[in-house]
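[1] could you work out the structure for the sequence below:
(chains A and B)
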Amino acid sequence: MSEKVQVNKQDFTVREDSFYQGVKDCIPTLLGYLSIGFAAGVVGKTSGLSLLEITLMSTMIYAGSAQFIMAGMIASHGSVTAIILTVFIVNLRHLLLSAAVSPYFRHLTSFKTMLIGTLLTDETFGVAMNKAMNRTSLDEKWMHGLNVTAYLNWIIATIAGAFFGQWITEPEKFGLDFALTGMFIGLLVLQMVSRKKFFKDLMVAVCAVGLVIGSSYFLSGSMAVIAATVIAATLGMAVEKWR
Amino acid sequence: MEIRWHILLAIIGASVVTLLPRVLPLVVLSRMQLPDWAMRWLNYVPVAVMAALIGQELFMNDGKLDISRNYTEILAAVPTFATAILTRSLLGTVVVGILTVMVLRFIL
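    Okay, the predicted model is just below:
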């Protein structure tokens, strides 16, 4: 046992695809996760959820937007069915993320890809796609390192938020609510500068923004995100094909 | 410190409907060779989804276009984008974004 640990330790420093490297690659997103998780904990607490309920939510659901919406619906006494249905719609965009990373895990068994998908989020997806640039596959251990770090950080952050929530009344004052936007901006820019499709990417991005605003007049927020993503990605695909 | 029955039910249900969309495409699509056009389409999903989420965060409130209430965030997005382009650091981008919003809310 001790021998095995030592061998792994050596791997840590050498291999770019190790679990440990995944942990390291997750670090830039930790602050974002911390502040959003913290905010989710505060909001959960102020909606009347107990610390245990908040912890259970983070452990089992592990999706920021879903947890914010649930807290709101629980505070306004929404029905269990309505809550589950709303969470389903909000998280449908994970279908697209999961589909987009799937080509990089062809070498794994179904069970192993299932484990990877279980902890997939907007942020770990962004980091994974940046890593996937100019490669055909992603390492399983690296992905677990990234996913598990993000997951634990999220649970700790929401518990801390729930705990300190009793004293913090205005998290907005500290700009914490902007952490999510800031992280999405960072992930978008990193994605765009690291591949040689800048103008097509820019067109897709601008279209997506326009579409999400336009479609909000007849779709709910999360459905608007899905519609905008599908249409904008299709435009990108079409333009690339014609040229 | 307790867990209420209906909350537990909601959490279990929500966890199932969150898990399925995360897992199913990965398990199914990584089993088969996707055609070229599908791969090309998937290639644009990251940029499209991130841009859509940013658009929603920056320009909308409660699902409607609302620039007047979001001007702090829209202003803060400028240095945030600049930091991302210049430093290519995710952490730096998030920190600059948060600090800008904090300062703007303090001044304005």
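[2] for A:D139, give me its contacts.
    A:D139 makes contact with A:17-18, A:22, according to CB atoms under 8 Å, 6 or more residues apart in numbering or on different chains. The way it works is simple: take the backbone N, C-alpha and C, and place the C-beta from them, glycine included.
[3] my bad, should have said A:L108
    By CB under 8 Å, 6+ apart, the neighbours of A:L108 are A:116, A:140, B:30.
[4] and with 6 Å instead?
    By CB atoms under 6 Å, 6 or more residues apart in numbering or on different chains, the contact set of A:L108 is A:E140.
[5] now it: phi and psi?
    With angles defined as degrees, to the nearest 10, A:L108 shows backbone torsions of phi -100, psi 160.
[6] ok and the residue in chain A nearest chain B?
    When distances are taken as CB to the nearest CB, chain A reaches nearest to chain B at A:G182, 3.0 Å away.
[7] that residue: helix or strand, and which one exactly?
    Element membership for A:G182 (DSSP states H and E) is helix A:179-193.
[8] how about whatever helix or strand comes next after that helix, which residues are buried there?
    Next helix or strand after helix A:179-193 toward the C-terminus (DSSP H and E): helix A:198-215. Neighbour counts using 16 or more other CB atoms under 10 Å in any protein chain shown place A:200-201, A:203-205, A:207-213, A:215 of helix A:198-215 among the buried residues.
[9] which other helices and strands contact the following helix or strand past helix A:198-215?
    Going down the chain from helix A:198-215, the next helix or strand is helix A:221-242, by DSSP H and E. Where contact means 3 or more CB pairs under 6 Å, 6 or more residues apart in numbering or on different chains; DSSP states H and E, helix A:221-242 is packed against helix A:198-215, helix B:36-59.
[10] is it possible to get a markdown table of those helices that adds distance to A:K241?
    Shown next, in a markdown table, are these (distance: least, CB to CB, whole Å):
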| stretch | distance to A:K241 |
| --- | --- |
| helix A:198-215 | 11 |
| helix B:36-59 | 7 |
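[11] need the nearest residue in space to A:K112, chain neighbours excluded.
    Nearest residue to A:K112 in three dimensions, chain neighbours excluded: A:E140, at 6.1 Å (CB to CB, 6 or more residues apart in numbering or on different chains).
[12] oh, I was asking about B:R105
    According to CB to CB, 6+ apart, the nearest residue to B:R105 is B:T72 (5.9 Å).
[13] so what's residue 68 up against?
    Since you didn't name a chain, this refers to chain A. A:F68 touches A:A40, counting by CB under 6 Å, 6+ apart.
[14] ah, I was thinking of chain B
    So B:S68 contacts nothing (CB under 6 Å, 6+ apart).
[15] what's the local residue count around the residue of chain A closest to chain B?
    A:G182: 34 surrounding residues under other CB atoms under 10 Å in any protein chain shown.
[16] now for it: which residues touch it?
    Neighbours of A:G182 in contact, by CB under 6 Å, 6+ apart: B:80, B:93-94, B:97.
[17] flag the least confident of the contacts of A:D139.
    pLDDT across the contacts of A:D139 is lowest for A:D17, at 85.
[18] average pLDDT for stretch A:218-230?
    pLDDT averaged over stretch A:218-230 gives 86.
[19] contacts for it next, please.
    A:89-90, A:92-93, A:96, A:208, A:211-212, A:215-216, B:48-49, B:52, B:63.
[20] buried residues in stretch B:25-36?
    Neighbour count says stretch B:25-36 has B:25-27, B:29-30, B:34 buried, by 16+ other CB under 10 Å.
[21] also stretch A:22-41?
    Going by 16+ other CB under 10 Å, stretch A:22-41 has these buried residues: A:22-23, A:25-26, A:28-41.
[22] quick one: the helices in chain A, in order.
    Per DSSP state H, chain A carries helices over the ranges A:2-14, A:19-46, A:51-60, A:64-75, A:80-90, A:94-101, A:110-118, A:122-132, A:140-164, A:179-193, A:198-215, A:221-242.
[23] relative to helix A:19-46, how tilted is the third one?
    What it means is helix A:51-60. 140 degrees (axes from the mean of the first three to the mean of the last three CA atoms, to 10 degrees).
[24] give me the mean pLDDT for helix A:51-60.
    pLDDT averaged over helix A:51-60 gives 95.
[25] okay, now B:I3: neighbour count?
    13.
[26] my read: it touches A:L49, true?
    No - with contact defined as CB atoms under 6 Å, B:I3 does not reach A:L49; the gap is 9.6 Å.
[27] in contact with the residue in chain B positioned nearest to chain A, which residues?
    Chain B approaches chain A most closely through B:G97 (3.0 Å), counting by CB to the nearest CB. Neighbouring residues of B:G97 by CB under 6 Å, 6+ apart: A:178, A:182, B:76, B:80.
[28] would you mark the buried spots in the helix holding A:G182?
    For helix A:179-193, burial by neighbour count (16+ other CB under 10 Å) applies to A:179-192.
[29] chain A - how does it break down into domains?
    Following the assignment in automatic domain parsing, chain A carries domains at A:17-195, A:196-243.
[30] ok, A:Q67 to A:T158 distance?
    For A:Q67, the distance to A:T158 equals 7 Å [CB to CB, to the nearest Å].
[31] any common contacting residues for these two?
    Common neighbours of A:Q67 and A:T158 (CB under 6 Å, 6+ apart) are A:A40.
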